[in-house]
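Colleague: starting from these lines, generate the structure:
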Amino acid sequence: PAVKVQSSVWIPACPGNERLVFELGKVLSINDDLKQCRVKADSGPDLTLPMDKVQLTNPRVVPDMTSLYHINDAGILFNLKSRSEQDLPYTNMGSVLVAVNPLHPVPDPEMDPGRSMSVDVPHPFSIAETAFKNMTFSYERRLQHQRQLQ
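Modeller: Next up is the predicted model:
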């Protein structure tokens, strides 16, 4: 999807926002010939930026970042920050677990005894459970194959 007028976008942080890498803005106009757009930054100023410095925002925060609609630097950082602020320090990126140190204890998820943890829940327990299941399945398949060869 292309950037359009009125799109909500991430732009490089304006001077004075040194604590930020990106900030939100709204596209005011686009000059296709110069490959530039005019953006109203949330911090105030109107800026003219090259199109390659503008990144579309995502409509929601997700537990697995491969399901982000727009996978870009700003979107990934915002997703991680938002989840961390909600005391959700673990986020998946496919089969990779990304952990953001919350700097305080985070309770383990509630689990029913004898039930598997959902693979969709980003947590070290679910990664370990999936690895164990795959290892066990692989071992059982190898045994079946050896029995067939005998």
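
Colleague: the longest strand in this protein is where?
Modeller: The residue-count maximum for a strand in the chain (DSSP state E) belongs to strand 22-31.

Colleague: show me what the next helix or strand after that one is in contact with.
Modeller: Sequence order places strand 36-41 as the next helix or strand after strand 22-31, per DSSP states H and E. By Cβ atoms under 8 Å, 6 or more residues apart in numbering, the residues outside strand 36-41 that reach it are 3, 9, 11, 14, 23-31, 46-51, 54. For every residue, glycine as well, the C-beta is placed using N, CA and C.

Colleague: of these, grab the buried ones for PyMOL.
Modeller: Applying 16 or more other Cβ atoms under 10 Å to the contacts of strand 36-41, the buried members can be selected in PyMOL as follows:
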select buried, resi 9+11+14+23+24+25+27+30+47+49+54
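
Colleague: middle-most residue in the protein, spatially?
Modeller: Met65 (3.4 Å; Cα atoms, centre = their mean).

Colleague: residues in contact with that one?
Modeller: Counting by Cβ under 8 Å, 6+ apart, Met65 has contacts Ile71, Ile76, Asn79, Thr91, Asn92, Met93, Val98.

Colleague: let's see the pLDDT reported for Pro1.
Modeller: On pLDDT, Pro1 comes in at 63.
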